[in-house]
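1. predicted model and sequence follow; I will ask about them next.
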Amino acid sequence: MDLNFKVSQLITSEGAWNIDLLRELFVPEDVVRILSFPPSRNVPDALLWAHTKEGVYTVKSGSWLQAQPFPGMSDVSAIQKKVNRLKTCVWKIKTVPKIRMFLWRALSGAVAVAECSIQHGLNVDPICKVCKQDLESISHVLFECEKARQVWDVTCIPIVFGLALGFIEYMEQILECNTIGANYRQAIPWLLWGIWKQWNAKVYAGNTGDKDILIAHALEESEQWYKANEEEEVHKSQGLVANGGGEKKWSRPPRDILKCNIHASWLNSNSRCGGAWIVRDNRGDVMFHARDAFVPTSNRIAAELRCLIWAMKSVLDLRVTCVEFWTENLSVF
Ligand SMILES: [Zn+2]
């Protein structure tokens, strides 16, 4: 819209309305209204305030206008609220920082797909460079494009696909998905990352990746991350903070009694499990602590029991006899 456009420019040199220009600039109803009165050639153009009868600005009318909702504003803010909520969630996703950053950039529209490039004013082909069938958006690349669909199908992660769904809706689905096995659920961030890398490899290097290798990589990397992270959580417990669903405060044992907290890290029946224990006195001062790895056990409770027996033997070897044993896994007792 040309803000310096004047009414006089709508009048021809013969003194009549320029009908073609009116039709170009106004909706048909307004064209009819304008044509209902003759143009005034001798009245100079002036600025008029549209919200009073006299066309003169008043503070009252200005305040009234400011209080009116901007058309479409409520929808925009609802979507923005969703995006902001997801952006906050992204930083808490259990994965490596580079994947969290990637997801945050995807939610911010800052990834190299045609849709984002066009929004930033670049004149590029909007069609997906891999399948050449749909618009190239981040939701298409990570969920809808042929290769991505194959990954989600094989992993049986339940995703509802639809033309009206955007990246936010897809992300909400996978972040709230709790009907699949823990190994696949934990691997979701690595699957998204793998799909993104595979799509780029196809676009920029012509490499057609294998979905099975992609999935195996994602499972392996997420498993390793969880393993390393759980060990770190055990380590953190020495600082009186046990992680896992919020901070849990260490409570003091009775005076003259020591407290031994134990924790076992168990991933699956094929992997070695880890264990750690720490003995503290009534003031919270650390007396002894140790960590070790054990041969694979059939389940988490067996791992926790093995860790408990090891901790009891160790503490006995240290000639500590008056001690309580605590574990977060209540099933053990
Ligand atoms: Zn595609």
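-> Right, received. Where do you want to start?
2. if I look at the most centrally placed residue in the chain, how far off is residue 97?
-> Nearest to the geometric centre of the chain sits residue 90, at 3.8 Å (CA atoms, centre = their mean). For residue 90, the distance to residue 97 equals 11 Å [CB to CB, to the nearest Å]. In short, each C-beta sits where N, CA and C put it, glycine included.
3. how about stretch 264-281: buried residues?
-> Residues of stretch 264-281 classed as buried by neighbour count (16 or more other CB atoms under 10 Å): 264, 265, 266, 267, 273, 274, 275, 276, 277, 278, 279, 280.
4. so what touches the helix or strand encompassing the first one?
-> Mapping residue 264 onto the secondary structure by DSSP states H and E places it in strand 258-265. Contacts to strand 258-265, defined as CB atoms under 8 Å, 6 or more residues apart in numbering, come from residues 227, 230-231, 233-234, 237, 242, 250, 252-253, 273-281, 287, 300, 303-304, 306-308, 311, 315, 320, 322-329.
5. partner strands of that strand and their direction?
-> strand 273-280 (antiparallel), strand 323-327 (parallel) (DSSP bridges).
6. circling back to that earlier point, could you list every residue that touches the residue nearest to the centre of the chain?
-> Residue 90 makes contact with 100, 103, 104, 107 under the criterion CB under 8 Å, 6+ apart.
7. same thing but at 6 Å, please
-> 100, 103, 104 (CB atoms under 6 Å, 6 or more residues apart in numbering).
8. I'd like the distance from stretch 188-202 to the chain centre, please.
-> Using CA atoms, centre = their mean, to the nearest Å, the mean C-alpha position of stretch 188-202 is found 15 Å from that of the whole chain.
9. avg pLDDT for it?
-> Regarding stretch 188-202, the rounded mean pLDDT is 95.
10. quick one: is that stretch near the ion?
-> No: Stretch 188-202 lies out of reach of the ion by CB under 5 Å from the ion, never closer than 7.9 Å.
11. residues of the strand holding residue 264 that come out buried?
-> By 16+ other CB under 10 Å, the buried positions in strand 258-265 come out as 258, 259, 260, 261, 262, 263, 264, 265.
12. and if you look at stretch 160-174?
-> The neighbour-count check on stretch 160-174 (16+ other CB under 10 Å) flags 165, 167, 170, 171, 173, 174 as buried.
13. now the fourth one: which helix or strand?
-> Mapping residue 171 onto the secondary structure by DSSP H and E places it in helix 167-175.
14. model confidence score at residue 246, please.
-> For residue 246, pLDDT reads 44.
15. correct me, but residue 113 touches residue 139?
-> No: between residue 113 and residue 139 there is no contact under CB atoms under 6 Å: 9.3 Å.
16. when those two are compared, which one has more neighbours?
-> Higher neighbour count among residue 113 and residue 139: residue 113, with 25 against 22, using other CB atoms under 10 Å.
17. what sits against that one?
-> By CB under 6 Å, 6+ apart, residue 113 lies in contact with 136, 138, 141.
18. where along the chain do the helices fall?
-> Using DSSP state H, the helices found in the chain span residues 19-25, 28-35, 59-67, 73-90, 97-107, 114-119, 138-139, 146-155, 167-175, 182-205, 211-236, 300-317.
19. mean confidence score for the first one?
-> Summarised as a single mean, pLDDT over helix 19-25 is 84.
20. now swap in the longest one and tell me
-> Confidence for helix 211-236, expressed as mean pLDDT, is 82.
21. chain center to that helix, what's the gap?
-> Relative to the chain's own centre, helix 211-236 is displaced by 19 Å; criterion: CA atoms, centre = their mean.
22. phi, psi of residue 319?
-> Here is the backbone geometry of residue 319 (degrees, to the nearest 10): phi 60, psi 30.
23. before we move on, what's the pLDDT of it?
-> Per-residue pLDDT puts residue 319 at 82.
24. what about it, distance to residue 308?
-> Going from residue 319 to residue 308 by CB to CB gives 19 Å.
25. which residue of the two possesses the greater neighbour count?
-> Using other CB under 10 Å, the more surrounded residue of residue 319 and residue 308 is residue 308, with 21 against 6.
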